[in-house]
Structures are given as C-alpha cells and as structure tokens.
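Student: Here is a sequence with its predicted model. Questions after.
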Amino acid sequence: MSQKHVIPAGDWWVHEIKEGGTLRITDLEGNQAADTLFFSAADPTERYSADQTIQEQASLYLTTGTRLMSTEGNVMLEITEDTCGRHDTLGGACSRESNTMRYAHDKECMHACRDSFIRGAQEWNVELTKRDITCNINFFMNVPVSPDGGLSFADGISAPGRYVEMVARMDVVCLISNCPQLNNPCNGWNPTPVEVSIS
Amino acid sequence: MTSLNPIFRRTLTGAGMWSGIISRGKRLRLTDLSGGANVGMLLYHAAERQERYNMPDTLKGQHIFYLREPYCLHSDMGRLLASITSDSVGWHDTVCGHSNAALVLKKYGGNNYQDARNDWNRNARDCFLIELCKWGLGKKDLVPNLNLFSKVVADEAGNLSFVPGNSKPGDHIELRFELDTLVVLNTCQHPLDPHPAYRPTEVELQVSGGSPPSPDDPSLLIRPENFRAHENNETFLALSRP
C-alpha cells in the first residue's frame, strides 16, 4: 500500500513514517529544493542532525548509502536509492530574516521555508516550536564546496522525475517545506511541486 | 594584541567547559596554549535565547565553508552575534559537530571518573548540555557548533579530511560581540581528529572591553550581507532599548 501526495511549491507537509517504511521524494519538474527535517516520533527532542550526519560519513553530500543521523547519534533513515546524485545539508532553510541579510531589506516580504517549517511544526500532534527548527536537508539542491573553502548555491543537478528514496530505521516524523525561494538558483528560479510517496 | 587589562581571564585545562554572557562590543580572545586545541562553541542572543548561532546562514551569507578574520558569526534571525576581529590561525571549522560519549569510548577507550577521577575522558555533547542547562536551555538548543582552531577540508566529491597541526602553541582568535551574547564552549577534541590519544589541551580565555563596530569595520565590509545583518542589529537595538 503506498500513499502519494503532491506538495505544491511554497507549501509544507508533515507526516509520520513507521520504522521499515520507505519515503520517496520525486522532483516532478526538476531543480526543486525540498527542505526536510526529521524528528523521532517517540521523542521529538531527538531530531535530524546535519553535523552528526556529516561527521558519521566524513562527507558533505548525501546520496545512496548515507545514514541520516539523529542528535542522539542514532540512524534515523538510510538513503537506498538516488537518481539525482547528491543532496545538500549545509545550506539550511531560507527565512524572511535571512533573505534581508542575503539579498536586500525589501525581500523581507517574500515567502520563505522557515515560515512553512513553523506552520508545519505547529500543526504536528505534539506542538513543535522555533527551537525544533534546526539545520535541515535540502533534497535536490546543489551547494558545492571547493577544496579552498568556497561555498556557493549552484544550478541544480536534478531534473524532471528524479527521485530519492530512504528507509526509516525508527518511527520518524517528516516535515517538508517545498522551497519558495526566488532569489537564487536553488529552484531554477521557478519553484515547482514535489511528490512524496510512503510505502 | 593582548589586552593589558582584561576584565576576565581563565585557563581551561583538559576537556574544560565554560559559559557566560558577554555584552555587545566586548572582546573574547581565545589562545591555544598547547597547540592542536579545539574549542567547540555555541552562541545565543542573551536577551532572546531562541535566537542562536546558525551555521548555514553564516556560511551561505558569506559564501564560505570555514571561518577566519574578518568574517562574522550570524544568528538565525538575520543578525550578527559576533565578528572575528583577530585571528592567527586562518581556518576554523563549523560543519563537523561535536563528539559524544559513544565516539569518545570508541576512539579512546573507557576511562571513567571512578577510575581516573578528574583525568577522565569527557565528551563535547555532555559539556554543551551541562552548560546549556544552567541558562535554561537544553537538547533542543544544541545546534551545529563552531570548532575553533580546527581545520577540515573537502575534496571535489565532498569527502572530508582533518588537517593536523592547524593551530600552533600561542595561536589565538578574537571575537567581538555584536549583541549581548551567551557563549557556551568546551575544549574537547574535534570529532574527526584522527590522533589516537585523548589529548587534553590548555586554552586561555580573556575578555576585554571594546566598542561596537564603526560603519567601515572590515567585518562589515567583507560582504554586503554582513552590513545588512549589522543594519538588522541596529534596528533591533533601536526598537528594544529604552
């Protein structure tokens, strides 16, 4: 039995995935960043940790075989299939506040991922708060780091129909913000829907 | 420049830990007395502690994968918490996180308090959580941290290597705080440090007086993003101060 749902650009989605269940995220039209947080369903204080995941793999990019680690040092999910190639976990999520810093003060009015995260977090069974919104995964986003230490937001390496699939190693709550950012190439300057399916 | 009259001076030995609120304009200078030190650090806006150091905004706001003078440490609210005003090291990590009890046990073996008394093996996660709790914070506030004095480089494929010998005895970094800031730090080893021995190092903390930056400050001018974040600080202060 599989459940499918299309998340329009700029919208959020929050859902539980049981241990052993599979989550597939499909980039329907290409070059769309799916900003994603995971929490332990049993204890949301335990959540996805970008730094633990980087440390565990001694690697910056996420792809097939990557274990998505929790703040408690446990494996939350494992990526089992990836037709995109690599995914980011350094870039974080856009916010209206950070848009003023990154682009211009008059960009404050533009919709941003952290507002979507806040609304999704508030609507989960256990109310989550700003403190629960930590550094996320950006599926399908390309943030290359150079050996001399440069970091940039580059054009996507994703394409229509590419997907990433992961198996839950504990009961997790998945919170996705389908990124509305229009000020950099992370969504190919045109935010589009992504599809989530759970089986 | 070593300040002649520091307000506060403390030498941390072993896997030492410390936390305190340092007000806007003051400087915190950290000196690696032994060489090869690592200082795990987290920063919170003292007045609004849900506002905290944000690794992604710091990196993407400055288009950089590591930190050095004159770059800034950004909060998650579009503001600056601190600027690096002096730095003899040149590369400080912020992506690798911190050690936990399982990692320290695996790397260095068991060495508990019962057997070793205060020479026991501590880990950075415990140190962060202990100090955070004293300010009303906890597990939810433990976000990706700074690893001052440590260098980790990425190859084209994103594979990371720890660079030994990045910091020499006497090397320092100095931070100027741009808002009143809660500083939480410890001197546990970097989680990717391949050295097989649990190595306590000595780090000196020194806090001295100072002023907020002028508009032509190098930390504000290195990136227009930093200047706009500074303007957000000014707005916050103009609205919130009596």
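Tutor: Right, received. Where do you want to start? Residues are numbered from 1 along each chain as shown, chains lettered A, B, ... in the order given.

Student: quick one: residue A:119 and chain B, what's the gap?
Tutor: The gap separating residue A:119 from chain B is 17 Å, by CB to the nearest CB, to the nearest Å. Where you see a C-beta, it was placed from the backbone N, CA and C, and this is true even at glycine.

Student: That residue: neighbouring residues, count only.
Tutor: Look at residue A:119: counted by other CB atoms under 10 Å in any protein chain shown, it has 14 neighbours.

Student: Wait, a helix at it?
Tutor: Yes - using DSSP: H, G, I helix; E, B strand; the rest coil, the assignment for residue A:119 is a helix.

Student: quick one: low-confidence parts of chain A?
Tutor: Under the criterion pLDDT under 70, the flagged ranges of chain A are A:1.

Student: which residues in it form strands?
Tutor: A:3-7, A:12-17, A:22-27, A:34-40, A:67-69, A:75-82, A:137-139, A:162-168, A:172-178, A:194-198 (DSSP state E).

Student: which residues make contact with the second one from outside it?
Tutor: Strand A:12-17 is contacted by residues A:5, A:7, A:23, A:41, A:77, A:116-117, A:119-121, A:123-124, A:168, A:171-178, A:196, A:198 when judged by CB atoms under 8 Å, 6 or more residues apart in numbering or on different chains.

Student: Filter those down to the buried ones.
Tutor: Among the contacts of strand A:12-17, those classed as buried by 16 or more other CB atoms under 10 Å in any protein chain shown are A:7, A:23, A:41, A:77, A:116-117, A:120-121, A:124, A:168, A:171-178, A:196, A:198.

Student: I'd assumed residue A:157 was in contact with residue A:30.
Tutor: No - taking contacts as CB atoms under 8 Å, residue A:30 lies outside contact range of residue A:157: 10.0 Å.

Student: so how far is stretch A:40-59 off the chain centroid?
Tutor: Relative to the chain's own centre, stretch A:40-59 is displaced by 13 Å; criterion: CA atoms, centre = their mean, to the nearest Å.

Student: close to chain B, is it?
Tutor: Yes - Stretch A:40-59 is in contact with chain B by CB under 8 Å from any CB of the partner chain, via A:45-46, A:49-52, A:54-55, A:58-59.

Student: How about residue 128: what's its closest non-neighbour residue?
Tutor: Went with chain A since none was named. Spatial nearest neighbour of residue A:128, chain neighbours left out: residue A:121 (3.6 Å); criterion: CB to CB, 6 or more residues apart in numbering or on different chains.

Student: wrong chain, I was asking about chain B
Tutor: Nearest to residue B:128 is residue B:142, by CB to CB, 6+ apart, at 5.6 Å.

Student: how close does the one you found get to residue B:42?
Tutor: Separation of residue B:142 from residue B:42 (CB to CB, to the nearest Å): 7 Å.

Student: what do these two both touch?
Tutor: Common neighbours of residue B:142 and residue B:42, counting by CB under 8 Å, 6+ apart, are B:128, B:132.

Student: in the sheet, who's paired with residue A:78?
Tutor: Listed by DSSP bridges, the beta-bridge partners for residue A:78 are residue A:67, residue A:167.

Student: Run a quick neighbour tally on it.
Tutor: By other CB under 10 Å, neighbour count at residue A:78 equals 15.

Student: surely it meets residue A:67?
Tutor: Yes - taking CB under 8 Å as the definition, residue A:78 is a contact partner of residue A:67 at 5.2 Å.

Student: so what's in contact with the two at the same time?
Tutor: Counting by CB under 8 Å, 6+ apart, the residues touching both residue A:78 and residue A:67 are residue A:169.
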